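Asker: Coordinates only, no sequence provided:
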């Protein structure tokens, strides 16, 4: 198998913090590894370094899809963090407020327009693989709904689709099961298994019980 990512004695740069251990990590094409660590262990900073959001203080980081020494991963590595949007209401309110300056009501009194549906939001996204991911993630039945009408599992599927449509080389899912009940976790595990043949993934979780099934097999 070909190496996709290689870290050799790498350390993320965070002002005022020296990490205790350097990171050595190799990810091969077709693998979907999981990084496990307690809160505060530095796993999210490691994920941000791989995604290009934090620079490399020392050591080596190589990616097969980038020229040697280039760490500009924008669009090629996407980190999807669910820690601040683990419920339907939290994410929906944040999304509308940021993009549409909307209130919690379905109608925006200022704009006098109806909040966009899942179909509207998906249509706004660029990408030639859009129809493929719509079918793969079973989004079509959700088209008439607004984000506030989605269950936690449906919202998670929508978020994942908006990322995959952008065609990243790698998606890093940070704490993907946060806020989900047992049944919804099982559904999300199926989603990860379904997309594994088309999308390279890395998972970041706080406990071994949160390791996705696709990362174990």
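Answerer: Perfect, I can see it now. Since the structure is predicted, the reported quantities are computational estimates derived from the model, not experimental observations.
Asker: Can you tell me what sits against the longest strand along the chain?
Answerer: As assigned by DSSP state E, the longest strand anywhere in the chain is strand 3-12. With C-beta atoms under 8 Å, 6 or more residues apart in numbering as the test, strand 3-12 has contacts from 19, 22-29, 31, 42, 45-46, 48-50, 54-65, 169-170, 200. C-beta: built from backbone N, CA, C; applies to glycine.
Asker: Next step: those residues restricted to strands.
Answerer: Among these, the members found in strands (DSSP E) are 23-28, 56-63, 170, 200.
Asker: Can you measure across stretch 155-174, start residue to end residue?
Answerer: 16 Å (C-alpha to C-alpha, to the nearest Å).
Asker: try stretch 133-149
Answerer: First-to-last distance for stretch 133-149 - C-alpha to C-alpha - comes to 21 Å.
Asker: circling back to that earlier point, buried only: go through the ones in strands among the contacts of strand 3-12 for me.
Answerer: 23, 27, 56, 61-63, 170, 200 (16 or more other C-beta atoms under 10 Å).
Asker: Spatially, which pair of these is furthest apart? Let me know, please.
Answerer: Between any two of those, the greatest separation by C-beta to C-beta is 20.3 Å, found for 56 and 200.
Asker: Enumerate every residue touching residue 47.
Answerer: 35, 79, 172, 174, 202, 204.
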